[in-house]
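# Give me a 3D structure for the following:
(2 chains)
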Protein chains: 2
Amino acid sequence: MAYKCSLERMSDKIKTFAQYGDAGHGGITRYSLSEASTQAREEFVRRMTAIGAKIECDDVACMYATLEGSDPNAKRIVMASHVDSVKNGGNYDGIEGVMTGMEVLETVAEQKIPHRHPLTAMIWTNEEGSLYPPAMMCSGIICHDYLPADLAKNFEYDNMMKAEPMDESPFKNFGEALAASKWKGDKANRLSPDKYLCMFETHLEQGPILEDNGNEVGAVQLVMGMFNYRVRFHGFTAHAGTFPMAKRHDALYAASAFLVKMHEEFDKIEQGIDPEFVYTTGEIYVHPCIHTCINDEAEFSLDVRHPDPAVRERVMAKLKEMAAQEWCGCTCDIEEQWVRDTVNFNKHLIGYVEESMDELGLKWQKILSGAGHDAQFCAYVIPTTMIFSRTQKGLSHCEDEHVSDEDATAAASACLNAVLKADARFEDDLAKD
Amino acid sequence: MAYKCSLERMSDKIKTFAQYGDAGHGGITRYSLSEASTQAREEFVRRMTAIGAKIECDDVACMYATLEGSDPNAKRIVMASHVDSVKNGGNYDGIEGVMTGMEVLETVAEQKIPHRHPLTAMIWTNEEGSLYPPAMMCSGIICHDYLPADLAKNFEYDNMMKAEPMDESPFKNFGEALAASKWKGDKANRLSPDKYLCMFETHLEQGPILEDNGNEVGAVQLVMGMFNYRVRFHGFTAHAGTFPMAKRHDALYAASAFLVKMHEEFDKIEQGIDPEFVYTTGEIYVHPCIHTCINDEAEFSLDVRHPDPAVRERVMAKLKEMAAQEWCGCTCDIEEQWVRDTVNFNKHLIGYVEESMDELGLKWQKILSGAGHDAQFCAYVIPTTMIFSRTQKGLSHCEDEHVSDEDATAAASACLNAVLKADARFEDDLAKD
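Below you'll find the predicted structure:
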């Protein structure tokens, strides 16, 4: 028999949390460690202490609300996401996963559902990094020692404390904001493999796939590997009025020609084979960027994501082949910014999620995560998986971001039952591997 | 017989003026009304008073050094350009024309060349507008009442005084810098048609045409008309990792596809017919310009120059036709920033320049100006023309900008003889029209 979370209680949480950082037109701005964030954390404390959960904070202000289980020696099962948002973000990204953890604990408490392991609802600090970059800062810090070296180097504690604000802030860096925060606690409280058995993160999909397929929830299999490059063009600047067309080496023209051809070529590699192949040119800069000058420099960012490293390699080979050519009289070079391997989630945890969705009669599918989440760092520390909920129109990181109360509750129910299956079977299933 | 200017004296001026604002690596930064600019103006005063010229300043600090002629009632013939530079500019743009005026007066004084009209060497204030925009500010102010209304509206005196610095400055706007300047004089001293007969401006070409054709100097026929537009694309933003390629409306992809196609189409209109057709996409901006986001907005500037309004109209028609289409799922719109008619120089003055170049045995050609100059505003007030000198590699607005001492002296000799022809014949030639 599958347990169900409460639509009424979930709806109330969604309404309530939308007030903290309310930007006045449907969405929120709730930077990490801000006043709005503190309001959300206080609400978390109120609701969790009301059901008898014990509250702890670690040294980077991550919060843990724990309901004891029947076995005092068992490790905790944790459900975690974040309460901070991007500027003018929506009411779901991050907070939905925190509300899910709370809802699971509230349902367990209300229905007195037996469980052996302690169950923890957790808040990761500063996932968005929208005031103090980088994104996933505190999962990066906490998981630091378990991450591959080239990832870990981006999350050194001392450097993170020096992260400067990108928008108005009363603090000169993240370290000062943290020191002034009432949520800074003890390093001993950090999520760690000796105290935590496994992690579930529920999150809105942030894309249109579930909606397009008529599904309510998704069982996330992995976070896609990616590479991020800068593609640069070097030409020659001259005056817009005095320099004949035939002699120009226009870097923006070169970048445009490259970009158009790149779409043609990349679409040949993967078209119709793998809809999970995505690539994006999000930033572009030119120099001198003056309307009366031909640009001598142009560069754009290229973000390529695919779960299969062999496909990423084919894309990279094409990119290198193109970069070796001359474009509109300009040379081209490319520079790696970062590369991340695909992070596969734990097969048992994925199985519990899928079983639970079936038992609940939900419309669901296997799905991949194209975006990054704290879960992908946590997966290096303890077994981890994610649940996606249907996102209206695929919108995210904007005020129109929306998940229906019903879909959020369905995802919470799936999480609850998956957690209970992990509580009952995970150690045995691991032992059988 | 053609008079010749002094290579030795011209070389000395080039060396001397290169010290004022010397940036330490071959070029200068000499913002208008700066200390460096004052040094150049003091040198101008020293050299001009040494030959008995009378110095005047007008209310926007334009400077006039005048050698009297034999007819006390004759109007002045003026040779003018500017002493200010762009940031990290070269040793020729602007100052070459001022040095030419000085060299002509010095030659006339030294060789005691008879002339009926007073001859004036002039400095226009703030041509580059690189500290206090806009460019051609003070010719805009002084010529204001003679300019077409849509040009004049950009140069209202009161607005110009409020122009704020684009770089470090001890003053909060141009008006304050002017008030503090020892060069601010009397409005009655402004260049005006009742006191000035005609104007010559000598300037480096800033392009490679003279050099490519093996010519030393050019007789400028006109300043090309132009239009400047913004071309904008409107798509849909979404997350780089979560949004399938097929559903995207990527504004940067649209802008790139448009830009590439525009080159194809524009080159069909004019290719091989008219080498003076130039078009430039100097600025590009995208929103949100984040490497993990698809851009929902992209815009670039489009600067189109051609002497013939009929050609500009054909280009505009093609632009409008393209803008009416959909580009990579994005809509497009265009917005006019400004349009300037072609400014034709005075045919008699052009004739004197061409005759002089022939008589001096110079290698010369007719040439068009693609860039803007104070001369193009002045042409609305009094008959005006320009002389171009050969620019090495077409470089300008950079520290490598270079004109050989010989070429600069050749241009000055051409100017001297043209001025003397105007002195002798211009009023008669005008009367015959």
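
# Which residues of the stretch 101-250 of chain A lie near chain B?
A:205-209, A:224, A:226, A:228, A:237-247, A:250 (C-beta under 8 Å from any C-beta of the partner chain). (Each C-beta comes from the backbone N, C-alpha and C, glycine too.)

# ok, 6 Å please
A:206-207, A:239-245 (C-beta under 6 Å from any C-beta of the partner chain).

# State the distance from the residue nearest to the spatial centre of chain A to residue A:139.
Chain A has residue A:373 as the residue nearest its centroid, 2.6 Å off, counting by C-alpha atoms, centre = their mean. Distance, residue A:373 to residue A:139, by C-beta to C-beta, to the nearest Å: 8 Å.

# And for residue A:428?
With C-beta to C-beta as the criterion, residue A:428 and residue A:139 are 28 Å apart.

# now residue A:323
34 Å.

# more crowded one of the two?
For residue A:323 versus residue A:139, the count of surrounding residues by other C-beta atoms under 10 Å in any protein chain shown is larger for residue A:139: 30 against 18.

# Sketch out the helices for chain A, chain order is fine.
A:7-17, A:35-50, A:95-110, A:137-142, A:149-152, A:157-161, A:174-180, A:209-212, A:251-270, A:309-323, A:347-359, A:374-378, A:405-432 (DSSP state H).

# Domain map for chain A?
A:7-223+A:342-432, A:225-340 (automatic domain parsing).

# Mean pLDDT lowest where, among the ones you listed?
Of all those, mean pLDDT reaches its minimum on domain A:225-340 (a mean of 93).

# chain center to that domain: distance?
Computed by C-alpha atoms, centre = their mean, to the nearest Å, the chain-centroid distance of domain A:225-340 equals 26 Å.

# what distance separates the start and the end of it?
Start-to-end span of domain A:225-340 (C-alpha to C-alpha, to the nearest Å) is 5 Å.

# For the nearest residue to residue A:280 once chain neighbours are set aside, give me its contacts.
For residue A:280, ignoring the flanking residues on the chain, the nearest one in space by C-beta to C-beta, 6 or more residues apart in numbering or on different chains is residue B:240 at 3.7 Å. Applying C-beta atoms under 6 Å, 6 or more residues apart in numbering or on different chains to residue B:240 gives the contacts A:280, A:282, A:303, B:292.

# Okay, and which of those residues map to strands?
A:280, A:303 (DSSP state E).

# Just the buried residues of the contacts of residue B:240.
Neighbour-count burial (16 or more other C-beta atoms under 10 Å in any protein chain shown) applied to the contacts of residue B:240 gives A:280, A:282, A:303, B:292.

# between those residues, which is nearest residue B:94?
Minimum distance to residue B:94 across the buried ones among the contacts of residue B:240 is 40.4 Å, recorded for residue A:282 (C-beta to C-beta).

# ok, the closest residue to residue A:97 other than its chain neighbours - contacts?
Leaving aside its chain neighbours, residue A:97 sits nearest to residue A:81 (2.4 Å; criterion: C-beta to C-beta, 6+ apart). The contact partners of residue A:81, by C-beta under 6 Å, 6+ apart, come to A:94, A:97-98, A:201.

# swap in residue A:77?
Neighbours of residue A:77 in contact, by C-beta under 6 Å, 6+ apart: A:117, A:119, A:197-198, A:419, A:422.

# now with 7 Å?
With contact set as C-beta atoms under 7 Å, 6 or more residues apart in numbering or on different chains, residue A:77 has these partners: A:117, A:119-120, A:197-198, A:419, A:422-423.

# same deal with residue A:51?
Per C-beta under 7 Å, 6+ apart, neighbours of residue A:51: A:67, A:105-106, A:109.

# sorry, back to before: need the buried ones among the contacts of residue B:240 in a markdown table (columns: distance to residue A:310).
Shown next, in a markdown table, are the buried ones among the contacts of residue B:240 (distance: C-beta to C-beta, whole Å):
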| residue | distance to residue A:310 |
| --- | --- |
| A:280 | 21 |
| A:282 | 25 |
| A:303 | 19 |
| B:292 | 24 |
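
# quick one: which of those is nearest to residue B:47?
Using C-beta to C-beta, the buried ones among the contacts of residue B:240 come closest to residue B:47 at residue A:282, 55.8 Å.

# how close does the closest one get to chain B?
4 Å (C-beta to the nearest C-beta, to the nearest Å).

# Hmm, that residue is touching residue B:296, no?
No. Between residue A:282 and residue B:296 there is no contact under C-beta atoms under 7 Å: 11.0 Å.

# Pretty sure residue A:157 sits against residue A:141.
Yes. The criterion here is C-beta under 7 Å, and residue A:157 meets it with residue A:141 at 5.6 Å.

# okay, these two: which has more neighbours?
residue A:141 (24 against 13).

# for the closest residue to residue A:279 other than its chain neighbours, what are its contacts?
Once flanking residues are discounted, residue A:279 sits nearest to residue A:304: 4.5 Å by C-beta to C-beta, 6+ apart. Taking C-beta under 7 Å, 6+ apart, we find residue A:304 in contact with A:226-227, A:279, A:312, A:315.
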